[in-house]
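S.K.: Return a 3D structure for these sequence lines:
(chains A and B)
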Amino acid sequence: MEHPEAGILDLLAQGSPEAIEFLYDRYGRLAFTVALRVLSDHSAAEDIVQEAFLSIWRRSMTYRPERGSLRNWICTIVRNRAIDRLRGESGRSRYELPFDEKPEEADLSDTWSQVAAELGRQQIREALQQLPLEQRQTIELAYWSGLSQREIADNMRVPLGTVKGRARLALSKLRDVLQEREESWQTP
Amino acid sequence: MSCAEAEELIALAVLGVLEPESSSQVEHHLRTCSHCRETARAYRRATSILPASLEPTKPSPELRRRLMTEVYASARADRPHRLTLESIWRRIPQARAFTLAAVATSVAAIVLGVWGATHTPGAAQTFSVAATTNQPGAHGQLTYFPNSARAVLTVAGIDAGTGANATNVVELWLVPRSGPPVPAAFLTPIPQTNTWTAVITGDLLAYKMVAATTEPPGGRPGPTGPEMFSVALPQP
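M.R.: From the prediction side, this is the model:
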């Protein structure tokens, strides 16, 4: 199945400035929202978005559609750069989970894209609101604050094991909510 | 490592907070456990929706201008190494370059399947560049593809500034039938020719004109420099 954004990927691979213009018009607002959430500073967030899109333009060959949508790739780059900025140049090294690149992953991603597109902001917030407060706070601190797991435990005044357990429970519940959506898409 | 322990580490990993020291343990487990590989995929997807929960905030228009100025400047610097078409272009005498640009636009129209459809909705439409007293030598054409709401502008015979003004940009504006001009794109020179080009996105037929001005680096929210040329668009 051809990737839904294959055309823009081809343009990116050719180094076309118009491709990055297109991507910025499509995802620039989301990217800025992500950077602002991490940094809480408009000027710094704009700097990060500019750096991120330039990086995307120069590293477009490293994008692999089987790893997820362009949207998620852009969000990840912006968030990582914003957290690096937050933590300073000496920020801790980041570990990224290796991908299991099963051939069917691309098809799953396509269905997933539909699910993600169908879910509006309000529905995503409702899904998050369904989580117990301490679980929601744990994943939000982990995802947005740039704190390490030890720092999150200190911040929440709980043992490290509790942070691990809450993160797993929260993502497990979110997974269940989203899988229900995905199944509803696959059922005619 | 049990699956329950691995799932905790996977959750931390997809959230970006797993300490690198624990990475080899979880990677080893993932190599041998298809159940946890599936969990990792599901957790990664669950995490990916978090940005969409945020209230969207618009960046300033300046950010787009800054970014695109740097991208186009970088493209000019890199292009000799990236595009083999350009090396072909360089071998063409400058006097013929503009003619060939027009031919290339026509070829693009054929590729897009709009050639010959001049009397049907969605057909490509071509409009001429009108010079001004500031740039009396400006000439060229704008080809608009309604189906994709994109236009290709090719122009020659302009002087965008030298010396202290060499860092200025040529900014294009869509001029509505009423209201102030809207920033549309930056004109990019084709190296070693006197030809410039740009792609403009939008429903051009909703505007009365495309105009170009020279602006300081990064462009401006509204035109401040002298008008270089314009392209009149058809009115209803």
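S.K.: longest helix of chain A?
M.R.: In chain A, taking DSSP state H as the definition, the longest helix is helix A:160-186.
S.K.: Residue B:214: what secondary structure?
M.R.: strand (DSSP: H, G, I helix; E, B strand; the rest coil).
S.K.: what secondary structure does the spatially closest residue to it that is not a sequence neighbour sit in?
M.R.: The shortest distance from residue B:214 to any non-neighbouring residue, by Cβ to Cβ, 6 or more residues apart in numbering or on different chains, is to residue B:225 (4.2 Å). All C-beta spots, glycine's among them, are computed from the backbone N, C-alpha and C. Three-state call for residue B:225 (three-state DSSP): coil.
S.K.: can you pull the contacts of residue B:225?
M.R.: Counting by Cβ atoms under 8 Å, 6 or more residues apart in numbering or on different chains, residue B:225 touches B:168, B:171, B:213-215.
S.K.: Which residue is the nearest non-sequential neighbour of residue B:70?
M.R.: Closest to residue B:70 by Cβ to Cβ, 6+ apart is residue A:54, at 6.3 Å.
S.K.: Next one: that neighbour relative to residue A:146, how far apart?
M.R.: Distance of residue A:54 to residue A:146, computed by Cβ to Cβ, to the nearest Å: 22 Å.
S.K.: which one of those two has more residues nearby?
M.R.: residue A:146 (23 against 15; other Cβ atoms under 10 Å in any protein chain shown).
S.K.: quick one: that one is in a strand?
M.R.: No - judged by three-state DSSP, residue A:146 forms no part of a strand; its state is coil.
S.K.: what's the burial count for residue B:22?
M.R.: Counted with other Cβ under 10 Å, residue B:22 comes out at 16.
S.K.: tell me the phi and psi of it?
M.R.: The phi and psi values for residue B:22, taken as degrees, to the nearest 10, are phi -90, psi 0.
S.K.: Against residue B:13, how distant is it?
M.R.: 8 Å.
S.K.: cool, and residue A:18?
M.R.: For residue A:18, the distance to residue B:13 - Cβ to Cβ - is 36 Å.
S.K.: quick one, which of the two is more surrounded?
M.R.: Just comparing residue A:18 and residue B:13: by other Cβ under 10 Å the higher neighbour count belongs to residue B:13, 26 against 21.
S.K.: and the more buried one, what element?
M.R.: Element membership for residue B:13, per DSSP states H and E: helix B:3-14.
S.K.: Which strands or helices does the helix or strand following that helix pack on?
M.R.: Going down the chain from helix B:3-14, the next helix or strand is helix B:23-32, by DSSP H and E. Here helix B:23-32 touches helix B:3-14, helix B:34-48, going by 3 or more Cβ pairs under 8 Å, 6 or more residues apart in numbering or on different chains; DSSP states H and E.
S.K.: buried sites along the shortest one?
M.R.: When neighbours are counted by 16 or more other Cβ atoms under 10 Å in any protein chain shown, the buried residues of helix B:3-14 are found to be B:6-14.
S.K.: repeat for the last one
M.R.: Along helix B:34-48, the positions that meet the burial threshold by neighbour count (16+ other Cβ under 10 Å) are B:36-37, B:39-48.
S.K.: what does stretch A:37-46 give?
M.R.: A:37-39, A:44-46.
S.K.: contact partners of it?
M.R.: Stretch A:37-46 is contacted by residues A:32, A:35-36, A:48, A:79, A:82-83, A:85-86, A:144-146, B:51, B:54, B:59-60, B:62-63 when judged by Cβ under 8 Å, 6+ apart.
S.K.: which of those residues count as buried?
M.R.: Those of the contacts of stretch A:37-46 that meet the buried threshold are A:32, A:35-36, A:48, A:79, A:82-83, A:85-86, A:144-146, B:51, B:54, B:59, B:63, by 16+ other Cβ under 10 Å.
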